[in-house]
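[1] Below is the sequence, then the predicted model.
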Amino acid sequence: MDKKILPGEPINEVEALQRLQQQEDPSQRCYAAWWLGRMRSQHPEVIPLLLKALEIKPTATEAAIAVARSAARSLGKLHAKTALAPLIQALLHPDHGLREAAARSLGELGDSKAIKPLMERLLLPGADEPVGNGLHLGEPCEALLEAIGQICITIKFETNQDFQQPLERFLQNKRPVVASAASRALLQISGNPKWAEPMLALLEHPQLQMRRAALMDLGACGWRPAAEAISCCLAENSLKLIALRNLVEQPLIISGSISLGAREQQLLALMDKLL
């Protein structure tokens, strides 16, 4: 690079591209990959550079893996259709964080071709069992479940009972956030109100982290009947506003089962009370 840019110093698109192209400083590459996705850069060099950063070997260094994680996340934000195959391949990488980033970005791409590999990864034997020190699961189940649900609702996928049953086992997962993600996916896939009940119950969980997760899941899947419960949840108003905004902007509509009507005004009124 022509000049040394200190960490935290504001950069522009050209500088971000320079950072991503250089190979000497992985931390600069990692930040550049994040920045380009965050800013939704449309420069023609961005996608090829991010794809190159994503192509790492299973034996890659931790620094290279960190760059790949950042690249994977940005490829999803940029809705890079050419990233479909590389992101699916990244689901096979040994690094838990890279698999999680790849799954979330596949959800953002919304391509039906990703459903099968996501399901295969989710349903691996022991995928939801703790490994090592128990702080991490064998697979990023939460991200995989969310991606499956997001893709299905994006393509308005008409599923059947055979497709839902494999996901139902995660409703009993020992980690409430995984159970909530399973409820979210099943609700998105089927539109059946019964799948909202586990998330609504989590809004009253004694742990704030679990209440936050349920808040964001209900908002992300656009379940408008949860609006009152969301507004009354014991959590930060900022998170409740995000969830309610999602209900306004992205309501769950499956086979015309949810009528929008004047509900938007009620949602906006609930948001006003939180401001």
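    Looks like it came in fine.
[2] Just confirm residue 238 is within a helix.
    Yes. According to DSSP: H, G, I helix; E, B strand; the rest coil, residue 238 belongs to a helix.
[3] mind checking pLDDT for it?
    Listed pLDDT for residue 238 reads 93.
[4] Next, count neighbours for it.
    9 (other C-beta atoms under 10 Å). C-beta here means a position set from N, CA and C on the backbone, and glycine is covered the same way.
[5] got it, and residue 275?
    6.
[6] Verify the contact between it and residue 238 for me.
    No. With contact defined as C-beta atoms under 8 Å, residue 275 does not count as touching residue 238 (10.3 Å).
[7] Can you get me a residue count around the residue lying closest to residue 123 once chain neighbours are set aside?
    Excluding the flanking residues, the one nearest residue 123 by C-beta to C-beta, 6 or more residues apart in numbering is residue 166, at 5.7 Å. The tally of other residues near residue 166 (other C-beta under 10 Å) stands at 12.
[8] And the helix or strand containing residue 166, what's buried?
    If you go by DSSP states H and E, residue 166 is part of helix 161-168. Using 16 or more other C-beta atoms under 10 Å as the test for burial, helix 161-168 gives 163, 167.
[9] which helices and strands does that helix pack with?
    The contact analysis (3 or more C-beta pairs under 8 Å, 6 or more residues apart in numbering; DSSP states H and E) places helix 161-168 against helix 176-190.
[10] Check the offset of the helix it packs on from the chain's centre.
    Relative to the centre of its chain, helix 176-190 is centred 13 Å away, using C-alpha atoms, centre = their mean, to the nearest Å.
[11] Stretch 244-254 now?
    16 Å.
[12] contacts for that stretch?
    For stretch 244-254, the external contacting residues (C-beta atoms under 8 Å, 6 or more residues apart in numbering) are 153, 156, 187-188, 190-191, 218-224, 226-227, 230-231, 258, 260, 264, 267-268, 270-271, 274.
[13] That one: which residues count as buried?
    In stretch 244-254, counting by 16+ other C-beta under 10 Å, buried: 244, 246, 247, 248, 251, 252, 254.
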